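Q: using only what follows, build the 3D model:
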Amino acid sequence: FLHMFKDKGNTVEESWAFMPQELLPNLRELRANVPTGVHSVYGMDSPPVAYVKRNASGTIEKAWLFVGMRRGGKSYYALNITNPDSPKYMWKVDPSSAGMSDMGQSWAEPIVTFIPGVPAGNTSASSASPVVIIGGGYNPSTKDSASVGTDDTTGRSVYILNAETGALVHQFGTTSGSNKTKLPSIVDSIPNSVAILDSNNDKLTDRLYATDTGANIWRMDLPSTSSSDSTNPWTAFKFASLGGSSLATDRRFFAEPTVAQTAFTNISEVPTALEIGVLYDVTSAPPTTVSQNIAFGKKRGWYYNFASPGEKSLSASTIIQGKVYFTSYVPGDATSANQCLAAGQGRLRGYYLHKGTRSYTQEYLEMGARVPDTPQLVIPPNGTSDSYMYLIGIGSAAADMDKVDDDESDGCAAGDDKCIGGGLGVNKIYYHIDE
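A: This is a model prediction of the structure:
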């Protein structure tokens, strides 16, 4: 079920629940409730995502909900919840929908945004219609095995849908054509959400990044209102190729990329995909000496290898004020046949984005027995005093934070190691015109 709960002040009350018809066969097994020791029945297993539009007075005009199924199925559903106690069915897409036969299991959390050309020819954010962007899905038959994964036959796409109707606006996938752009030589599924970027600050998303189960990163550009524009067509290329064909190098991305735009350039040619060899290894330490910094300067970025047996990153990172915060999970007993029943440990790392320099005296911070999610930023109200930024969803890690540099240069109050930065403020920008 997808459940809707109403906050009634001191209590919470269920208002309604939604079960897709395709999950009705699960009812018999759920009612029998036979103990198996493993998770054997899947349903609506993906978090829902909402689109809310308000008018000038702040009143909600539209509230739409979008949700996938993860291992429960291959569908996405949209519900109109503008009247929260009286939902209305909007649409459903699955592999039988027009142009979407490549869909796998619907793992990706939908991204709701605005792009050029929706509605047709539109270039203004004020008149744009919302779209939903999803990864093509997951293929368990090729990637569930503990052996090296094989090429996928489904899920090798990124779909852009009309948020109101579910109609396919555009597909980045295995072929090119009308409303289609090819992802060159893609062979691995894209089960993750995409990262979006407004590269020219016009309030329209014009760049997408996606990760796949072969450890590849894809970049897609939407520079015009038409994917087939003769001057600026929509394009796609492999941005990075970080996997391999052995067990040691068979990396797989199961989380979306996180993008931080640091500079504007006029580079227009398609670059060669970045590989692990052109990145600096900061696993043991970041560059500090002159020779190390020279070596780092010849690289295109950095990477970090988890050292504990079975340790993996299972969620997206968070980038805040030049620092990246990312989590990992260490299985409780890597030798156990029932690893899912053995309590493991979540870990949090906070590194400077530029060179991977550690921002805490500890290599990592223990979060407790959990599979950690993406760290979330909060700025608690502080009256008329300065506000400060903190991370939530990090378990016991907050209690152990010990900054390398506790000199208040990050905008935090002295001695507040839990703070990750001063509250948002205004910076003066000066322009010089040579007349």
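Q: can you pull the contacts of Ala63?
A: 50-53, 80-82, 84 (CB atoms under 8 Å, 6 or more residues apart in numbering). C-beta here means a position set from N, CA and C on the backbone, and glycine is covered the same way.
Q: identify each buried residue in the helix or strand where it lies, please.
A: In this structure, Ala63 sits in strand 60-67 according to DSSP states H and E. Neighbour counts over strand 60-67 (16 or more other CB atoms under 10 Å) mark 63-67 as buried.
Q: repeat for stretch 315-334
A: Buried residues in stretch 315-334 (16+ other CB under 10 Å): 315-318, 320, 323-331.
Q: circling back to that earlier point, of the contacts of Ala63, grab the buried ones for ChimeraX.
A: Per 16+ other CB under 10 Å, the buried members of the contacts of Ala63 correspond to this ChimeraX selection:
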select :51,80,81
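Q: pLDDT added to the contacts of Ala63, as TSV?
A: Shown next, in TSV, are these (pLDDT from 0 to 100):
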residue	pLDDT
Ala50	95
Tyr51	96
Val52	96
Lys53	94
Asn80	97
Ile81	96
Thr82	96
Pro84	92
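Q: restricted to strands, list the contacts of Ala63.
A: Among the contacts of Ala63, the members falling in strands (DSSP state E) are 50-53, 80.
Q: of all the residues you listed, which comes closest to Trp107?
A: Ala50 (18.7 Å; CB to CB).
Q: let me see the ranges of the helices in the stretch 201-350 of the chain.
A: Here the stretch 201-350 of the chain has its helices, by DSSP state H, counting those that start in this stretch, at 290-297.
Q: okay if I get the contacts of Ala63 as JSON lines plus distance to Ser178?
A: Putting those into JSON lines (distance: CB to CB, whole Å) gives the following:
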{"residue": "Ala50", "distance to Ser178": "31"}
{"residue": "Tyr51", "distance to Ser178": "27"}
{"residue": "Val52", "distance to Ser178": "33"}
{"residue": "Lys53", "distance to Ser178": "30"}
{"residue": "Asn80", "distance to Ser178": "30"}
{"residue": "Ile81", "distance to Ser178": "34"}
{"residue": "Thr82", "distance to Ser178": "34"}
{"residue": "Pro84", "distance to Ser178": "39"}
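Q: from the contacts of Ala63, which is closest to Lys180?
A: Distances from Lys180 to the contacts of Ala63, taken by CB to CB, are shortest for Tyr51, at 25.1 Å.
Q: residues contacting that closest one?
A: 62-66, 112, 130, 163.
Q: can I get those in JSON lines including distance to Tyr304?
A: Listed next are those as JSON lines, based on distance: CB to CB, whole Å:
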{"residue": "Lys62", "distance to Tyr304": "42"}
{"residue": "Ala63", "distance to Tyr304": "40"}
{"residue": "Trp64", "distance to Tyr304": "39"}
{"residue": "Leu65", "distance to Tyr304": "37"}
{"residue": "Phe66", "distance to Tyr304": "33"}
{"residue": "Val112", "distance to Tyr304": "32"}
{"residue": "Pro130", "distance to Tyr304": "36"}
{"residue": "Ala163", "distance to Tyr304": "37"}
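Q: many thanks, have a good one.
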